[in-house]
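# fold the following and give me the result.
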Amino acid sequence: MKYLIRARIEVEGIVDRHDVIGALFGQTEGLLPELDLRELQEKGRVGRVHVDIKPENGKMRGEIRIPSNLDKTETALVAALIETVDKVGPYPAKIQVFKITDLRLEKLRRAVERAKEILREWQEVGLPDIKELVREIEESIKPGELIEYGKDRLPAGSGIDKSDTIIIVEGRADVINLLRYGYDNVIAIEGARGEIPETIKELAERKKTILFVDGDHAGELIARDLARTLKIDYIARAPPGKEVEELTGREIARALERKVPTSQLLQMLEVRAEKRQEALEAKAVEREETVSIDIPPHVIEETKNLKGTLEAIVYDRDWKPIKRIPVRDLYQELRNMNPGSVGAVVFDGIITQRIVDVASEKKVGLVIGARIGNIAKREEGVNLLTIADIAE
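I've put the predicted structure just below:
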């Protein structure tokens with residue numbers, strides 16, 4: 001993780017840490033679909049939420065810590081989102097972010113202090129010429145030089161001609177990051193799709209090649225396309241959801257160690273593509289089965305008007321509205337409902353596993369949201385639709 005969000009919390013009543021965590025996930029759900037805390041945590045882009053609270057004069061006070069692997073802007077947005085939480089259970093609450101720590105700087109600071117200790121220990125035992133040793137260490141980790149290579153003037157490391165193995169990456173930023181960690185046999189294809197630069201073709205014919213791509217679906221596509229038109233010996237991938245340009249030295253080393261022969265990866269990608277297609281077809285069939293639900297015209301019209309409101313409407317079994325509430329309160333409201341009292345829920349947010357689970361528990365027959373998230377377990381009796389399905 002790159003950053004640590006730290007916030008103070010005060011609750012006007014006695015609650016436990018699980019109530020606080022539930023409020024964080026529940027009340028920020030659907031505010032910004034791309035920064036949904038639960039989905040970010042499932043993808044490893046946000047770490048485990050830590051809550052330390054204790055009672056004080058009938059209230060609960062303490063600290064919330066959330067590790068983040070997002071960029072600075074996204075991390076700041078997550079920090080701002082958790083400040084919108086104003087209730088934990090039945091009690092008013094206040095959350096205020098007071099610090100965002102760059103964990104990389106903290107690690108570097110500790111490393112510097114440890115290096116000072118090591119140098120002092122060397123001096124104590126009489127090691128010769130400490131300054132020379134420091135200079136030698138600094139030279140060994142000095143980044144390679146960025147150059148423009150070949151007639152295509154591609155971004156590359158200065159050691160590209162000296163090595164019998166080259167690492168092919170997508171863009172200039174990837175080259176710069178690998179140079180930072182001592183890989184000077186790297187060259188960028190500059191995002192080429194279709195026409196491969198002659199410089200790359202010539203190098204691939206006379207050197208062993210490793211294609212190093214991002215850990216997302218686009219990286220898969222690039223790997224598949226280039227491997228079919230260029231001599232590639234091995235393919236390495238960044239960790240899922242990460243780009244080569246943002247990897248640490250350890251992550252780069254691990255990814256390159258796990259490189260696989262091109263034929264093996266292509267076979268795996270084909271299998272994955274087939275499974276993805278099967279899943280899409282199954283989802284389409286499921287959607288066809290649920291679209292036949294008879295929804296009154298006035299509900300369809302109200303559903304269309306929900307877009308952009310971040311609100312939810314709860315209906316009884318006769319399609320009469322029970323209440324209209326903010327999306328962040330939907331989970332708690334459903335938990336408080338009697339089983340069988342709610343027939344349908346329509347809301348401008350993501351349908352998550354938590355919403356599906358509570359809908360099943362309360363015997364809600366239909367849930368309509370802006371988007372269906374990662375649902376690991378479909379509950380029998382709960383039909384799921386999107387607002388786009390209704391609009392059609």
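# max-length strand in the protein?
strand 91-102 (DSSP state E).
# what pairs with that strand, and is each one parallel or antiparallel?
Here strand 91-102 is paired, per DSSP bridges, with strand 3-11 (antiparallel), strand 87-88 (antiparallel).
# tell me what the helix or strand that comes right after it is packed against?
Of the helices and strands lying after strand 91-102 in sequence (DSSP states H and E), the nearest is helix 103-124. Other helices and strands packing on helix 103-124, by 3 or more CB pairs under 8 Å, 6 or more residues apart in numbering; DSSP states H and E, are helix 130-140. For glycine as for every other residue, the C-beta is placed from the backbone atoms N, C-alpha and C.
# got the angle for the longest strand of the chain vs helix 103-124?
50 degrees (axes from the mean of the first three to the mean of the last three CA atoms, to 10 degrees).
# next one: strand 91-102 to chain centre, how far?
Here the centre of strand 91-102 is set off from its chain's centre by 22 Å, with CA atoms, centre = their mean, to the nearest Å.
# list the buried residues of that strand.
For strand 91-102, the neighbour count (16 or more other CB atoms under 10 Å) marks Tyr91, Ala93, Ile95, Val97, Ile100 as buried.
# list the buried residues in stretch 7-19.
Ala7, Ile9, Glu10, Val11, Val15, Asp19.
# pull the residues that contact that stretch.
Residues from elsewhere that reach stretch 7-19 (CB atoms under 8 Å, 6 or more residues apart in numbering): 20, 51-53, 55, 58-66, 79, 82-83, 88-98.
# Asp233 against Gln264, yeah?
No: using CB atoms under 8 Å, Asp233 makes no contact with Gln264, being 11.4 Å away.
# who has more neighbours out of those two?
Neighbour comparison, Asp233 and Gln264: the larger count goes to Asp233, with 15 against 11 (by other CB atoms under 10 Å).
# ok so, going back, for Gly44, find the nearest of the strands paired with strand 91-102.
Judged by CB to CB, the one of those that comes nearest to Gly44 is strand 3-11, at 14.2 Å.
# chain center to the closest one: distance?
Distance, centroid of strand 3-11 to centroid of chain: 21 Å (CA atoms, centre = their mean).
# I'd like the next helix or strand past it.
Strand 3-11 is succeeded, C-terminally, by helix 17-28 (DSSP H and E).
# so how far is Ile166 from the residue nearest to Glu243 when sequence neighbours are not counted?
Excluding the flanking residues, the one nearest Glu243 by CB to CB, 6 or more residues apart in numbering is Asp214, at 4.6 Å. Separation of Asp214 from Ile166 (CB to CB, to the nearest Å): 18 Å.
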